[in-house]
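A.B. asks: sequence? don't have it. structure:
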Ligand code: BTN
């Protein structure tokens, strides 16, 4: 993995590098470089080869780097979280943290690609190498957590704040925790937990942010998606972006620990893309139609049913969409 990382670090400038120069820089044979390039391609990373020029990546890429991320963290956050772990490849950053009971509060993990990225409702989260962000943070709630439902909404607010800091305008939210721009999904959140809600509880907050989503993966996704490359017209500085996500996530989790969604509810409503719109709320076997009247302090969706009654819904298995029949 280290050699793959080192070769990618050289190719990250998007310029051509000959096999000979790569071999010299790495202090290995050209055959070893060739094998490494082959492994890089096996990851699904496109490497352009041109006779006489050498090898290059199709785009400039800033590889994730924990020192660089730490450099952008707010001081009060840096002193409370562990040094972010950066992996080239994991099955899932959420699964990694969930399966490591030895890791504690404030542990953060990132991967350049995931082989089994998890989405909500049992879906796969497309996680190619190529510049996206796959980030998970572990949080331990010592004395139980009475309102777990609202936590993923709080995390979604953190993501919108970080995106705004990065210069992305009109970032909206769709209950329970989709982050949208121009009606297209830019990021999603998956919360996983173990322990007891009444006792001590470990929660992993996983954020998937589309930075550069190749065409091949886009076609695998059954909803409108966008990425930062398209919105900004260039690749953003990923380490700074990750630090922004961590800074805001930390602040929001602290606020949630103390007062739940109380201080975040108003911000959510301002960003709610379907507020007061006719919607369909769907689960695996049922659909309910009504008007989206926002959220309550528990993070539940407030739905005004067709008969005028108000109903509250919670749960990560539900999904919301506009009801086009209205
Ligand atoms: C969704 O379906 O909207 C939630 C997607 C969450 C994806 C992220 S990527 C980092 C973390 N690791 C995972 O396997 N999933 C989450």
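C.D. replies: Structure received. Computed from a prediction, not measured in an experiment: that's the story for all the values here.
A.B. asks: going forward, measure contacts between C-alpha atoms and count neighbours the same way
C.D. replies: OK.
A.B. asks: can you pull the contacts of the closest residue in space to residue 138 that isn't next to it in sequence?
C.D. replies: Once flanking residues are discounted, residue 138 sits nearest to residue 204: 4.6 Å by Cα to Cα, 6 or more residues apart in numbering. By Cα atoms under 8 Å, 6 or more residues apart in numbering, residue 204 lies in contact with 94, 97-98, 136-139, 191-193.
A.B. asks: pLDDT on the helix or strand where residue 204 lies, on average?
C.D. replies: Using DSSP states H and E, residue 204 sits in strand 201-209. Mean pLDDT, computed over strand 201-209, is 94.
A.B. asks: and if you look at stretch 45-63?
C.D. replies: Mean pLDDT, computed over stretch 45-63, is 89.
A.B. asks: what does stretch 184-193 give?
C.D. replies: For stretch 184-193, mean pLDDT is 95.
A.B. asks: tell me which other helices or strands the longest helix along the chain touches.
C.D. replies: Assignment by DSSP state H gives helix 238-259 as the longest helix of the chain. Helix 238-259 sits against helix 66-72, helix 75-78, strand 133-141, helix 148-165, with contacts defined as 3 or more Cα pairs under 8 Å, 6 or more residues apart in numbering; DSSP states H and E.
A.B. asks: and of the ones you listed, who's closest to the ligand?
C.D. replies: Among the helices and strands packed on helix 238-259, the nearest to the ligand by Cα to the nearest ligand atom is strand 133-141 (3.9 Å).
A.B. asks: the closest one close to the ligand?
C.D. replies: Yes. Contact of strand 133-141 with the ligand (Cα under 6 Å from any ligand atom) involves 134-136.
A.B. asks: ditto for stretch 68-87
C.D. replies: No. Stretch 68-87 stays clear of the ligand (Cα under 6 Å from any ligand atom), getting no nearer than 12.2 Å.
A.B. asks: relative to the whole chain's centre, how far out is that stretch?
C.D. replies: 17 Å (Cα atoms, centre = their mean, to the nearest Å).
A.B. asks: how long is it from one end to the other?
C.D. replies: 14 Å (Cα to Cα, to the nearest Å).
A.B. asks: buried residues in that stretch?
C.D. replies: Residues of stretch 68-87 classed as buried by neighbour count (16 or more other Cα atoms under 10 Å): 69-70, 72-73, 77-78, 81-87.
A.B. asks: of those, which pair is most distant in space?
C.D. replies: Among the buried residues of stretch 68-87, the pair separated by the greatest distance (Cα to Cα) is 77 and 87, at 21.3 Å.
A.B. asks: ok, and the most crowded of the residues of strand 133-141 next to the ligand?
C.D. replies: Counting neighbours by other Cα atoms under 10 Å, residue 136 leads the residues of strand 133-141 next to the ligand with 31 neighbours.
A.B. asks: quick check: angle from the longest helix of the chain to strand 201-209?
C.D. replies: 140 degrees (axes from the mean of the first three to the mean of the last three Cα atoms, to 10 degrees).
A.B. asks: okay, which residue is most central for this protein?
C.D. replies: Residue closest to the average C-alpha location in the chain (Cα atoms, centre = their mean): residue 208, at 1.8 Å.
A.B. asks: list the residues that contact the closest residue to that one other than its chain neighbours.
C.D. replies: In space, and not counting its chain neighbours, residue 208 is closest to residue 134: 4.8 Å by Cα to Cα, 6+ apart. By Cα under 8 Å, 6+ apart, the residues touching residue 134 are 93, 110-114, 127, 206-209.
A.B. asks: filter those residues by proximity to the ligand?
C.D. replies: Among these, the ones lying near the ligand by Cα under 6 Å from any ligand atom are 93, 206-208.
A.B. asks: residue 18: how many residues sit nearby?
C.D. replies: Residue 18 has 17 nearby residues by other Cα under 10 Å.
A.B. asks: can you give me the strands in the protein?
C.D. replies: 48-50, 54-56, 85-90, 108-114, 133-141, 171-174, 178-181, 184-195, 201-209, 278-282, 287-295, 301-305, 310-313, 319-322 (DSSP state E).
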